[in-house]
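S.K.: Mind looking at a prediction? Sequence and model below.
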Number of protein chains: 2
Amino acid sequence: MKGRVLVVDDDAALAEMLGIVLRGEGFEPSFVSDGDKALDAFRDTRPDLVLLDLMLPGADGIDVCRRIRAESGVPIVMLTAKSDTIDVVLGLESGADDYIVKPFKPKELVARVRARLRRTDEPTPEILQIGDITIDVAGHSVKRLDETINLTPLEFDLLVALARKPRQVFTREVLLEQVWGYRHAADTRLVNVHVQRLRAKIEKDPEHPEIVVTVRGVGYKAGPA
Amino acid sequence: MKGRVLVVDDDAALAEMLGIVLRGEGFEPSFVSDGDKALDAFRDTRPDLVLLDLMLPGADGIDVCRRIRAESGVPIVMLTAKSDTIDVVLGLESGADDYIVKPFKPKELVARVRARLRRTDEPTPEILQIGDITIDVAGHSVKRLDETINLTPLEFDLLVALARKPRQVFTREVLLEQVWGYRHAADTRLVNVHVQRLRAKIEKDPEHPEIVVTVRGVGYKAGPA
DNA sequence: GTCGCGGGTAACCTTCCGATAATCCCGATA
DNA sequence: TATCGGGATTATCGGAAGGTTACCCGCGAC
């Protein structure tokens, strides 16, 4: 079973206890005490599960939870000081999968961690990033800085095809084959039309595209440079 | 101690014996003989432990085990006809917690069942939250801000299936398989109707759904964005 | 029996999307 | 500046996808 667990908590004594318990059960814990550093730590360690204290210095637990959830579907278990209903609701709304009220029995914690890990045999959801556009492939959702953008199925597929290999140029023929499934298409101008529609929705300034860029004489690519 | 035990076995004589033994020890057994019906029975009875025969008509034991494990951390004890190593390995890999080789002594079975139940420090109450809808899976209850909403079993299963992976899109085919158990269904419009009925009950404004959202050309998902 | 309820089937309506085609724009080159 | 080619833009139409409603069937309660 996978076992990397990131513990985000500023209580040193508690963190030490968690370390002993988790290691004893075969997990590999890593630790960070500051909310602001949690996201960096998450990116570095890519844990299989996050244990997150609600009360933190720096960014608070709910904020951290949302940020992690924005870029990963990793299981998140919240630690809360008391059974405050509001906290619980907020925690779940912000994307946590479970919560444990302090004080808790080590066995209970381990049981919940195991339970969460068991149902995460799927790889973490695929999130693509181009400029300030974020794409959640499994959720078929596209955002610019938390602002949801509505794309048609075709527009979405087109964007994903480009974004999966950023900076690589795709000819119209290749796009027609990958996105439309047309082989040996004669007329490729169809691509132009849909690139245009896509730009109208996702570009800040459609006159000067930064997400889907034209490479004259060749085709299109995602991102600059 | 909790004691609901679901027995999945097609051997009527064995099932009867198990029933007598389990009842005699204070458990509440329920029975299903067909692998295909096991998952439905599991969802209906919400047992505290599952006794699962490896050889079954319909879906086989390993398949059933995986499906149950996909939606619950309930302890699963396998019954195997002979000490076939491959079967044992497969069984444990598919998520079973223990196995017993037939023929076995009733006392041994009871001992293992007790051991497994002891180790289940109360199953984590699975609470799902989508918008202002709260779902208590074990309690089969759905609320909007302390207001109880009455759902039919099918509607409930549909909602839970979606809510277990918020923001992830499910195609109608997948929903038909997960919720209805239909495999390779031809006509998927059935899903539309029940999504519609579900929305009428749980959405504040069914015209503009926020809990169960359509993703055109793909399917449905729980929650926004 | 019959009443009510849950669930499946089907018909109809509405909305939306994607392909085609026609036109415009712009930059490069002579 | 005239011309040409590649790309951008816009309008329109047919069809597909989803929503909505009505009806039917089966089953359990009474």
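M.R.: Sure, I can see it. Model, not experiment: these values are computed from the prediction.
S.K.: excluding its backbone neighbours, what's nearest the most centrally placed residue in chain A?
M.R.: Centroid-nearest residue in chain A: A:Glu71, 1.8 Å away (criterion: CA atoms, centre = their mean). Nearest residue to A:Glu71, sequence neighbours excluded (CB to CB, 6 or more residues apart in numbering or on different chains): A:Ile127, at 5.4 Å. C-beta here means a position set from N, CA and C on the backbone, and glycine is covered the same way.
S.K.: Can you name the residues bridging to that neighbour?
M.R.: Listed beta-bridge partners, A:Ile127: A:Asp136 (assigned using DSSP bridges).
S.K.: Give me the buried stretch members for stretch A:166-179, please.
M.R.: When neighbours are counted by 16 or more other CB atoms under 10 Å in any protein chain shown, the buried residues of stretch A:166-179 are found to be A:Pro166, A:Phe170, A:Arg172, A:Leu175, A:Leu176, A:Gln178, A:Val179.
S.K.: Which ones among these lie within strands?
M.R.: If you go by DSSP state E, the buried residues of stretch A:166-179 have A:Phe170 in strands.
S.K.: so which pair among the buried residues of stretch A:166-179 is furthest apart in space?
M.R.: Maximum pairwise distance among the buried residues of stretch A:166-179 (CB to CB): 20.2 Å, between A:Pro166 and A:Leu176.
S.K.: Write out the residues of chain A neighbouring DNA strand C.
M.R.: Within reach of DNA strand C by CB under 7 Å from any atom of the strand, chain A has these residues: A:Asn150, A:Thr152, A:Pro153, A:Leu154, A:Glu155, A:Trp180, A:Asp187, A:Arg189, A:Leu190, A:Val193, A:His194.
S.K.: Now restrict the residues you listed to buried residues only.
M.R.: Among those, the ones that count as buried by 16+ other CB under 10 Å are A:Glu155, A:His194.
S.K.: Between the residues of chain A next to DNA strand C, which sits nearest B:Val77?
M.R.: Closest to B:Val77, out of all of the residues of chain A next to DNA strand C and judged by CB to CB, is A:Pro153, at 45.3 Å.
S.K.: Which pLDDT value goes with the residue nearest to the closest one when sequence neighbours are not counted?
M.R.: Counting by CB to CB, 6+ apart, A:Pro153 lies nearest to B:Gly217, which is 3.4 Å off, once chain neighbours are set aside. Looking at B:Gly217, its pLDDT reads 93.
S.K.: What is the neighbour count of B:Gly217?
M.R.: 12 (other CB atoms under 10 Å in any protein chain shown).
S.K.: quick one, phi/psi of it?
M.R.: phi 80, psi -10 (degrees, to the nearest 10).
S.K.: Surely it and A:Asp157 touch.
M.R.: No. Here B:Gly217 does not reach A:Asp157: they are 9.2 Å apart, not a contact under CB atoms under 8 Å.
S.K.: picking that back up, wait, the residue nearest to A:Glu71 sits on A:Val137?
M.R.: Yes. Using CB under 8 Å, A:Ile127 is in contact with A:Val137, at 7.4 Å.
S.K.: What ranges in chain A fall below the confidence cut-off?
M.R.: Residue ranges of chain A with pLDDT under 70: A:1-2, A:81-95, A:99, A:101-103, A:105, A:107-108, A:118-125, A:225.
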